[in-house]
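Undergrad: sequence first, then the predicted structure:
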Amino acid sequence: MSFWVYENWTHKKAIVHKSDCSYCNGGRGVHSERSDKNGKWHGPFPDREAAFKYARTTNREDIRACNVCGA
Ligand SMILES: [Zn+2]
């Protein structure tokens, strides 16, 4: 199990996901191709703590766990 951070600069947030989350899909997101228009995936991180630590460095207003996978 690894963790990913999705940084979304349109909505000023950074969300932590588990790699097997349907939104994360191992850092590929919900679309088959990467889209860098609204945000970017960062990772993988070995644990939840490392992912949150990174998420905080983005200085986004909303930093939290995904409520789908509960990372
Ligand atoms: Zn998730």
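TA: Perfect, thanks for sending it. Treat the numbers as computed from the prediction; the structure is a model and nothing was measured.
Undergrad: wait, doesn't residue 44 sit right on residue 4?
TA: Yes. Taking C-beta atoms under 8 Å as the contact criterion, residue 44 and residue 4 are neighbours in contact, 5.9 Å apart. C-beta here means a position set from N, CA and C on the backbone, and glycine is covered the same way.
Undergrad: hey, what's in contact with both of these two?
TA: With contacts taken as C-beta atoms under 8 Å, 6 or more residues apart in numbering, residue 44 and residue 4 have 19, 26-27 as neighbours in common.
Undergrad: adding pLDDT and distance to residue 60, write the residues you listed out as JSON lines.
TA: As requested, those are exported to JSON lines (pLDDT from 0 to 100; distance: C-beta to C-beta, whole Å):
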{"residue": "19", "pLDDT": "97", "distance to residue 60": "21"}
{"residue": "26", "pLDDT": "92", "distance to residue 60": "22"}
{"residue": "27", "pLDDT": "91", "distance to residue 60": "18"}
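Undergrad: just the buried residues out of the residues you listed, in ChimeraX syntax.
TA: In ChimeraX, a selection of the buried entries from these looks like this (16 or more other C-beta atoms under 10 Å):
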select :19,27
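Undergrad: closest one to residue 67 out of the shared contacts of residue 44 and residue 4, please.
TA: For the shared contacts of residue 44 and residue 4, the residue nearest residue 67 by C-beta to C-beta is residue 19; the value is 16.7 Å.
Undergrad: identify the residues contacting the spatially closest residue to the closest one that is not a sequence neighbour.
TA: If you skip the residues right next to it in sequence, residue 19 has residue 2 as its closest partner in space, 4.5 Å away by C-beta to C-beta, 6 or more residues apart in numbering. Shown in contact with residue 2 (C-beta under 8 Å, 6+ apart): 18-19, 43-46.
Undergrad: now flag whichever of those residues is closest to the ion.
TA: Nearest to the ion among these is residue 18, at 6.1 Å by C-beta to the ion.
Undergrad: how about the strands in this structure?
TA: Taking DSSP state E as the test, the strands found in the chain are 3-8, 13-18, 39-45, 62-65.
Undergrad: which of the ones you listed sits closest to the ion?
TA: Nearest of the strands of the chain to the ion, taken as C-beta to the ion: strand 13-18 at 3.5 Å.
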